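Visitor: sequence and predicted structure below; questions after.
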Amino acid sequence: MNFKITMQRMAIALSLVLFASIAWAAQVTYQLRVDGLACPFCAYGIEKKLNALPGVERLETNIKEGTVIVMMKDGATLDRATARQAVKDAGFTLKGFEQVLPGDGR
Amino acid sequence: MTSAESEGMRRAGLLGLGLTLFAAATGAPGKLHAAPETFNTALPVAEGEFVFREQFLYIKASDDPSPADRDVEILGGISVLGYGVTGDLALFGVLPYLDKQLDRTASGGRRVTRGTSGIGDVQLFARYTVFQKDMRGRSLRVAPFVGLKLPTGDDDDSDGLGRLPQPLQLGSGSWDPFGGVIATYQTLDYQVDAQLSYKANTEANGFEFGDELRFDTSLQYRLWPRELGAGVPGFLYGVIETNLLHQAKNAIGGRDDPNSGATTLFLSPGLQYVTKRWVLEAIVQIPVVQDLNGTALEDDFTVRAGFRVNF
């Protein structure tokens, strides 16, 4: 009986961990540092090229910091080379690329 | 010189409308970014994207040293479309619509008005970024450009007094190559641009406008917001620009027109409001130095106002 209860609890705990992992991995966010971004009109071209990438759900540009936060759709990811090419096509330079972890406060 | 050429030169002398006037109207090819208002910039057009600019202009020239007491007004709209082939290479097309009016005192003391309106000469050019150094919130770029002015404007218009003098025509009738180089240094607080360009005007209808050499500078300083916060706020820039233009003498029937050609320096204060999608702008070009040949007409001022759209 104790063994059965233990197994049930382990299964529930495993499910919770799995669910949490899936939920955490479902929506990925990246922070891109774009060098050369210095005016609002320029930001539009960068956002348009990034928005055209598959899986991108939403962008938030911070011109003062020279950063673009890229929020992906569920299950979608972005790699550095793709982001670099999109920023280059807009006429700018990708300087930094990092995944934003939950609780980063960004 | 034939009598017809002689007559042409005499009329050009009497009616010659100040070369800088017309060069100022359409001479500076497309300017499309949050950038100078009277010339171009080295900032990019994103690959596969379009940028459109419409600039309305009003030119007034009435300081006439001759007894003709000429008074010229030009109203116009200059449309520019830019396309990014790559992040470095951009193509531009410039389409002017102009309304030109000349008032002058004719023989007998009566005032005569002549003029025309319509599409002017289209300019096509390509700009390529050869140097780019991007830093956080700053960018330094150098981009040469080459282009061609096409004879799309009517160059044989006439009124009740006969054929309009060539400077009053909408087009020159000639194919004129031009080129230059632009340097841009942009920061979050200000932007500096400089452009050196040359336009080689060719002959058409027995008339050849003098070649044009230009040196333009621009400073745009962010007036508002004073402190940048998060996001992408609209920027209000105060703008001050200079345009130094040297135009060689016109040639009529292969001979220089002594009442043409000039070196003019414009000083131009303006404002510009820039958002992600659009730009509103206005500037007044005031001639502070005018070194004109013969009886060429002096410019009074030029007003430019318009918008740019990212799409």
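Guide: All right, it came through fine.

Visitor: next, the closest residue to B:Val284 other than its chain neighbours: secondary structure please.
Guide: The shortest distance from B:Val284 to any non-neighbouring residue, by CB to CB, 6 or more residues apart in numbering or on different chains, is to B:Val303 (5.4 Å). In this view, the C-beta of every residue, glycine as well, is placed from N, C-alpha and C. Here B:Val303 takes the strand state, with states given by DSSP: H, G, I helix; E, B strand; the rest coil.

Visitor: in terms of contact, does B:Val303 touch B:Glu73 like I think?
Guide: No. Using CB atoms under 8 Å, B:Val303 makes no contact with B:Glu73, being 11.4 Å away.

Visitor: the residue nearest to B:Val284 pairs with what?
Guide: B:Tyr58, B:Val284 (DSSP bridges).

Visitor: thinking again about what came up before, give me the common contacts of B:Val303 and B:Glu73.
Guide: When contacts are counted by CB atoms under 8 Å, 6 or more residues apart in numbering or on different chains, B:Val303 and B:Glu73 are jointly contacted by B:Tyr58.

Visitor: now the residue nearest the centre of chain A: closest residue in space that isn't a chain neighbour?
Guide: Geometric centre of chain A, nearest residue: A:Thr29, 1.8 Å, by CA atoms, centre = their mean. Spatial nearest neighbour of A:Thr29, chain neighbours left out: A:Val100 (4.3 Å); criterion: CB to CB, 6+ apart.

Visitor: and stretch A:41-58, how far from the chain's centre?
Guide: 13 Å (CA atoms, centre = their mean, to the nearest Å).

Visitor: what stretches of the chain score poorly on pLDDT?
Guide: Because you didn't say which chain, this covers chain A. Scanning chain A for pLDDT under 70 picks out A:1-3, A:11-26, A:103-106.

Visitor: think we crossed wires, I meant chain B
Guide: B:1-34.

Visitor: if we go to 80?
Guide: B:1-35 (pLDDT under 80).

Visitor: which residues of it fall in helices?
Guide: For chain B, the helices defined by DSSP state H occupy B:3-15, B:19-26.

Visitor: and the residue of chain A that's closest to chain B?
Guide: With CB to the nearest CB as the measure, A:Gly91 is the residue of chain A nearest to chain B, at 2.5 Å.

Visitor: I'd say that residue and B:Gly48 touch.
Guide: No. Assessed by CB under 8 Å, A:Gly91 is found out of contact with B:Gly48, at 11.7 Å.

Visitor: so what sits against both of the two?
Guide: What both A:Gly91 and B:Gly48 touch, as defined by CB under 8 Å, 6+ apart, is the set B:Gly84.

Visitor: which one of these two is surrounded by more residues?
Guide: Ranked by neighbour count (other CB atoms under 10 Å in any protein chain shown), A:Gly91 and B:Gly48 place A:Gly91 first, with 27 against 16.

Visitor: look up how far B:Asp88 lies from the more buried one.
Guide: 7 Å (CB to CB, to the nearest Å).

Visitor: now do the shared contacts for these two.
Guide: With CB under 8 Å, 6+ apart as the test, A:Gly91 and B:Asp88 both reach B:Pro44, B:Thr129.

Visitor: returning to what we had before: list the contacts for the residue of chain A closest to chain B?
Guide: Counting by CB under 8 Å, 6+ apart, A:Gly91 has contacts A:Gly36, A:Cys42, A:Gly45, B:Leu43, B:Pro44, B:Val45, B:Ala46, B:Glu47, B:Gly84, B:Gly87, B:Asp88, B:Thr129.

Visitor: what's the local residue count around the nearest residue to it once chain neighbours are set aside?
Guide: Nearest non-adjacent residue to A:Gly91, counting by CB to CB, 6+ apart: B:Pro44, 2.5 Å away. By other CB under 10 Å, 31 other residues sit near B:Pro44.

Visitor: so how far is chain A from the residue nearest to B:Val284?
Guide: Noted for B:Val303: a distance of 23 Å to chain A, by CB to the nearest CB, to the nearest Å.

Visitor: what's the burial count for that residue?
Guide: So B:Val303, with other CB under 10 Å, has 15 neighbours.

Visitor: OK, contacts around it?
Guide: Taking CB under 8 Å, 6+ apart, we find B:Val303 in contact with B:Leu57, B:Tyr58, B:Ala282, B:Ile283, B:Val284, B:Gln285.

Visitor: quick check, the third one in contact with B:Ala305.
Guide: So that's B:Ala282. Yes. Here B:Ala282 lies in contact with B:Ala305, judged by CB under 8 Å, at a distance of 4.0 Å.

Visitor: where does chain B get nearest to chain A, residue-wise?
Guide: Taking CB to the nearest CB, chain B has B:Pro44 as its residue nearest chain A, at 2.5 Å.

Visitor: show the contacting residues for that residue.
Guide: Counting by CB under 8 Å, 6+ apart, B:Pro44 touches A:Cys42, A:Gly45, A:Ala90, A:Gly91, A:Phe92, B:His33, B:Gly84, B:Gly87, B:Asp88, B:Ala90, B:Thr129, B:Arg141.

Visitor: ok, the residues you listed vs B:Phe311, which is closest?
Guide: Nearest to B:Phe311, judged by CB to CB, of these is A:Gly45 at 11.0 Å.

Visitor: alongside chain B, which residues does chain A contribute?
Guide: With CB under 8 Å from any CB of the partner chain as the criterion, chain A meets chain B at residues A:33, A:35-49, A:60-64, A:66, A:88-93, A:95.

Visitor: repeat that with 6 Å
Guide: By the rule CB under 6 Å from any CB of the partner chain, the part of chain A lying against chain B is A:35-36, A:38-41, A:43-45, A:49, A:61-64, A:66, A:88-91, A:93.

Visitor: can you tell me the SS state at A:Thr82?
Guide: helix.

Visitor: once you drop chain neighbours, what's closest to it?
Guide: Spatial nearest neighbour of A:Thr82, excluding adjacent residues (CB to CB, 6+ apart): A:Leu53 at 6.3 Å.

Visitor: am I right that the one you found falls within a helix?
Guide: No. Secondary structure assignment (three-state DSSP) places A:Leu53 in coil, not in a helix.

Visitor: neighbouring strands - and their directions - for the longest strand belonging to chain B?
Guide: Using DSSP state E to define each element, chain B has its longest strand at strand B:89-105. Within its sheet, strand B:89-105 is paired with strand B:71-84 (antiparallel), strand B:111-119 (antiparallel), strand B:123-128 (antiparallel), according to DSSP bridges.
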